[in-house]
Structures are given as C-alpha cells and as structure tokens.
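**Q** next comes the sequence, and after it the predicted model I'd like to discuss.
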Amino acid sequence: MKKAIVVLVVCCMGMTAMAQNEHIKFRDMELNMHISKFMSELKKLGYTVSEIKNDTITVTMNGKFGGKECELIISSTHKRKIVWCVLVTFKESDDWETLESDYRLFKDQFVSKYGQPDISFEKFEKPYYSGDGKEFEALENKKCSFISIWELKTGEITLNISKSRKISIMYMDKINSKAVTEEKEEIQSDI
C-alpha cells in the first residue's frame, strides 16, 4: 500500500513539473521557439512577412486567422530571440453589428476550447447602450468594454474590441514573458 501511495505522489509531482514547463500554443505551435523557426512555420501556413524590427525582436506578418485576414505582431525575447507573445489584429470595421458578431464568434470558439473566460466585460456605460447607433463613439470615449481573458496554466489569451474598431487576440506565454523581464533586468544591470 505504501508503495502505491509513493508511486501516486511521484506521478503527481511529475505531472505538476511537466505543467510548469508547458507553453501556450498559437496555431498548434508553442510560444517557445526561436523567432526565425516560428516565422518559418507560419510561412508554411501562408503567412508573409511585412516588417521586421529591432533585429527580429518584433516581426509583423500577414495572413488568415479564423478564416479572416489579419496581421500578426510576434514578439521575442531580446537575447535568446524566443517567441513569447503573438498579437492578432483584424481589419478596422465600420459596422458595429459585424464587429460585435465577430467578437462573439471568436469568444464562442475560445469557450469551446478553453472553457468560460476568467474575466469578461461586455457592456456600455451611460449615456451609451447597445443599439443606439453610437457604439463607436462609446468605444472612443472609453464607455464601451468588450474583453474576455483566459488565464491558462501556460499563459494568457485576451480577446477584445479595441478603440481602433478592431478585434484583437493576444497570446502571451507565462514562462517566456518572465524571461523577457529577466533579460531586461540583466541588460539594465550591465549599463
């Protein structure tokens, strides 16, 4: 009996350790690759590079996500060039109903994959309300919030409607976002 309990404890500890080393995924790719490899994999999926900044620390690519044309902004750590964040942005919309419908469609897809969001706000503040024809004015005046956040063991996914009338989705890796901070601290200590 003691051996069975020891084996069970060891297995649980091993699974916990594995979970602590997992990374969030974007398009089934872990946000733990060198940015060059990550870009190469995205190119295989039809994405094209439109801009490279700061010696590949930030790369912008164009393609499709969820069947819609989008722009990806991929960020890597400074020293090791490991991807830690992907921001997906879609084209600006002039039609609130379509924008809200697309937001809800993405949210439903994330809910089916990850469960209910940990944080979610979908509201208008006075004097604005849904259907008043002034939804974009409410966005610009910060009187409209459409945001859902999934806090996963591997990182965070944020879906929102931005002030610029766009839907954006951000994937941020938990482990590598800490690495970004550590690398910045190392660089600052060298100065």
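**A** The structure has been received and is ready for your questions. Residues are numbered from 1 along each chain as shown.
**Q** in stretch 34-48, what's buried?
**A** 35, 38, 39, 42, 47 (16 or more other CB atoms under 10 Å). Heads up, the C-betas are built off the backbone N, CA and C, glycines and all.
**Q** now those in CSV, please, with extra columns for distance to residue 115.
**A** Supplementary listing: the buried residues of stretch 34-48 in CSV, determined by distance: CB to CB, whole Å:
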residue, distance to residue 115
35, 30
38, 27
39, 31
42, 27
47, 28
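**Q** with respect to residue 178, which of the residues you listed is nearest?
**A** Proximity of the buried residues of stretch 34-48 to residue 178 (CB to CB) peaks at residue 35, which lies at 17.6 Å.
**Q** contacts only, for that closest one.
**A** Counting by CB atoms under 8 Å, 6 or more residues apart in numbering, residue 35 makes contact with 56, 57, 59, 74, 76, 81, 82, 83.
**Q** in helices, which of these appear?
**A** Judged by DSSP state H, helices contain none of the contacts of residue 35.
**Q** pLDDT below threshold where in this structure?
**A** For the chain, the stretches with pLDDT under 70 are 1-20, 186-191.
**Q** which parts of it are strands?
**A** Assigned strands in the chain, in chain order: 25-26, 29-30, 48-53, 58-65, 68-76, 83-90, 119-124, 144-152, 155-161, 167-173 (criterion: DSSP state E).
**Q** list the buried residues of the last one.
**A** Pointing back at strand 167-173 there. Buried residues in strand 167-173 (16+ other CB under 10 Å): 167, 168, 169, 170, 171, 172, 173.
**Q** of all those residues, which two lie farthest apart?
**A** 167 and 173 (21.1 Å).
**Q** any chance of the strands of the chain in JSON lines, with distance to residue 109 too?
**A** Converted to JSON lines, the strands of the chain look like this (distance: least, CB to CB, whole Å):
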{"stretch": "strand 25-26", "distance to residue 109": "14"}
{"stretch": "strand 29-30", "distance to residue 109": "18"}
{"stretch": "strand 48-53", "distance to residue 109": "24"}
{"stretch": "strand 58-65", "distance to residue 109": "11"}
{"stretch": "strand 68-76", "distance to residue 109": "12"}
{"stretch": "strand 83-90", "distance to residue 109": "13"}
{"stretch": "strand 119-124", "distance to residue 109": "14"}
{"stretch": "strand 144-152", "distance to residue 109": "11"}
{"stretch": "strand 155-161", "distance to residue 109": "10"}
{"stretch": "strand 167-173", "distance to residue 109": "10"}
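**Q** and those strands: which comes nearest residue 102?
**A** Among these, the nearest to residue 102 by CB to CB is strand 167-173 (5.7 Å).
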